[in-house]
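S.K.: Please find the sequence and the predicted model below.
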Amino acid sequence: MPIAMPDVANQSCATTEGTLDWVGMSHIEVPLMLALHGEAPRQVSAKVEAFVNLADPKAKGIHMSRLYLALDELSRESSLSHATLCNLLDTFITTHEDLSDQAFVKFDFDLHLRRKALITEKQGWKAYPVTITGQVVEKQLQVELKVNVPYSSTCPCSAALARQLIQEAFVTRFAGQQQISSELVVDWLGTTQGIVATPHSQRSVAEVKVKLQHNVTEFPIVALIDAIEDALKTPVQAAVKRADEQEFARLNGQNLMFCEDAARRLKHTLNGLTEFEDFWLRVNHYESLHAHDAVAVTVKGLQGGYRA
Ligand SMILES: Nc1nc2c(ncn2[C@@H]2O[C@H](COP(=O)(O)OP(=O)(O)OP(=O)(O)O)[C@@H](O)[C@H]2O)c(=O)[nH]1
């Protein structure tokens, strides 16, 4: 007679008893079809975390394979949408009857979007790191999205200091001249002696996390990215011809930003978006003046909501 396979999770007890908040797996590699509003599902390569709580203090452990297989079924047989995310969390709990009543799942992936050039008709890909998180705690479903949006920020202080140097260069160059030909000035402005200093800019990243309102049953990821880029005005570009680069220079010059300015712009925009119950944001200016970064963090400010 074959000897029965041992089943430690079911047949033995915890050596030290106690409940646990989350138990599960992280870094699960899963290709998924992602359902987004108004387009066919597209494939993303996700890293997933899947957890349930362990509410039985005596149980040895949860059933990891049940979480994994539910996720695998989602990957093979359907696409990731708000509805399938809810079903997945529900399956996590129902396959852990007597053990768990809370579930958590997190998907991390890059979302590639086609982005238009600023002036020309060119287009290119931009990859945005996205996180979708779902959890059921005390029977309440909560869905969060997080996106990272790269942009350019030009320092307003540096711009003012550069302008002063340009004014001083002008005074030196044209000192004592009562009448100056505009042609001469235009030529001079087109030289490095004319624009004697340039302000520093830096690649910057806005990290934005939002909690969906309960009546929102889609993932408004693209709308969120668009809103962030519209607020900042200087998103990092994909395809760039000279005309696009010149427009980028103009946009940078007209949208000088400390990290505080960027954070306030985003806060203002997010306060106006009704799909989101709460938000948290952090802007990181990866300084070119310093070897350290300038950072601003803020939240909507709801009681019991996100904390900075
Ligand atoms: N609970 C738990 N399981 C682990 C851990 N590390 C590895 N595993 C393994 O995860 C595997 C799957 O566990 P189960 O889901 O209980 O597997 P199973 O008993 O074949 O599946 P069911 O019949 O559905 O219970 C087991 O072989 C465990 O040894 C851990 O830290 N905790």
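M.R.: Nice, thanks for sending it over.
S.K.: does E207 count as helix, strand or coil?
M.R.: Here E207 is strand, with the state taken from DSSP: H, G, I helix; E, B strand; the rest coil.
S.K.: That one against K146, yeah?
M.R.: Yes: contact status for E207 versus K146: in contact at 6.9 Å, counting by Cβ atoms under 8 Å. Placement of C-beta: from N, CA and C, glycine included.
S.K.: Could you check which of these two is surrounded by more residues?
M.R.: K146 (19 against 16; other Cβ atoms under 10 Å).
S.K.: pretty sure the more buried one is in a helix, no?
M.R.: No: according to three-state DSSP, K146 belongs to no helix; its state is strand.
S.K.: Could I get the contacting residues of it?
M.R.: Contacts for K146 (Cβ atoms under 8 Å, 6 or more residues apart in numbering) come out as 130-131, 133, 207-210.
S.K.: In the stretch 201-308 of the chain, mark out all the helices, start to finish.
M.R.: Ranges of helices in the stretch 201-308 of the chain, per DSSP state H, counting those that start in this stretch, are 221-232, 242-254, 259-271.
S.K.: can you list the domain ranges for the protein.
M.R.: 14-155+200-299, 157-189 (automatic domain parsing).
S.K.: and those as JSON lines, adding mean pLDDT and distance to the ligand?
M.R.: Shown next, in JSON lines, are the domains of the chain (pLDDT from 0 to 100; distance: least, Cβ to the nearest ligand atom, whole Å):
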{"stretch": "domain 14-155+200-299", "mean pLDDT": "97", "distance to the ligand": "3"}
{"stretch": "domain 157-189", "mean pLDDT": "96", "distance to the ligand": "52"}
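S.K.: Check the ones you listed for me and report the most buried one.
M.R.: Of all those, domain 14-155+200-299 has the most neighbours on average by mean count of other Cβ atoms under 10 Å, namely a mean of 17.
S.K.: Can you pull up the most central residue in this protein?
M.R.: In the chain, the centroid-proximal residue (Cα atoms, centre = their mean) is V147; its distance is 1.6 Å.
S.K.: Any idea what it is bridged to?
M.R.: V130, V208 (DSSP bridges).
S.K.: so what's it up against?
M.R.: 128-131, 207-208, 221, 224-225, 228 are the contacts of V147 under Cβ under 8 Å, 6+ apart.
S.K.: returning to that earlier point: could you dump the domains of the chain into CSV and include distance to M1?
M.R.: Shown next, in CSV, are the domains of the chain (distance: least, Cβ to Cβ, whole Å):
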stretch, distance to M1
domain 14-155+200-299, 26
domain 157-189, 81
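S.K.: tell me, which helix in the protein spans the most residues?
M.R.: Counting residues, the longest helix in the chain under DSSP state H turns out to be helix 156-173.
S.K.: wait, doesn't T95 sit right on R66?
M.R.: Yes: assessed by Cβ under 8 Å, T95 is found in contact with R66 at 4.1 Å.
S.K.: follow-up on the earlier one: now do whichever helix or strand comes after the longest helix of the chain against helix 156-173, angle only.
M.R.: Of the helices and strands lying after helix 156-173 in sequence (DSSP states H and E), the nearest is helix 182-189. Angle, helix 182-189 to helix 156-173, by axes from the mean of the first three to the mean of the last three Cα atoms, to 10 degrees: 130 degrees.
S.K.: Give me the contact list for helix 182-189.
M.R.: Taking Cβ under 8 Å, 6+ apart as the rule, helix 182-189 contacts 170, 173-174, 194-195.
S.K.: would you list those residues in a markdown table and tack on distance to K122?
M.R.: Shown next, in a markdown table, are the contacts of helix 182-189 (distance: Cβ to Cβ, whole Å):
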| residue | distance to K122 |
| --- | --- |
| F170 | 37 |
| R173 | 39 |
| F174 | 41 |
| G194 | 31 |
| I195 | 27 |
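S.K.: Who is L80 paired with across the strands?
M.R.: L34.
S.K.: heads up, I number from 35, so please use that
M.R.: Happy to do that; since the first residue is 35 now, the last one works out to L114.
S.K.: could you check the angle helix 276-288 makes with the longest helix of the chain?
M.R.: 100 degrees.
S.K.: packing partners for helix 190-207?
M.R.: Contacting helix 190-207 under the criterion 3 or more Cβ pairs under 8 Å, 6 or more residues apart in numbering; DSSP states H and E is no other helix or strand.
S.K.: Just the endpoints, please. Distance across stretch 320-340?
M.R.: Distance across stretch 320-340, first residue to last, is 25 Å (Cα to Cα, to the nearest Å).
S.K.: picking that back up, among the domains of the chain, which is nearest G339?
M.R.: domain 48-189+234-333 (4.3 Å; Cβ to Cβ).
S.K.: now that closest one, how far from the centre of its chain.
M.R.: When distances are taken as Cα atoms, centre = their mean, to the nearest Å, domain 48-189+234-333 is centred 5 Å away from the chain's centroid.
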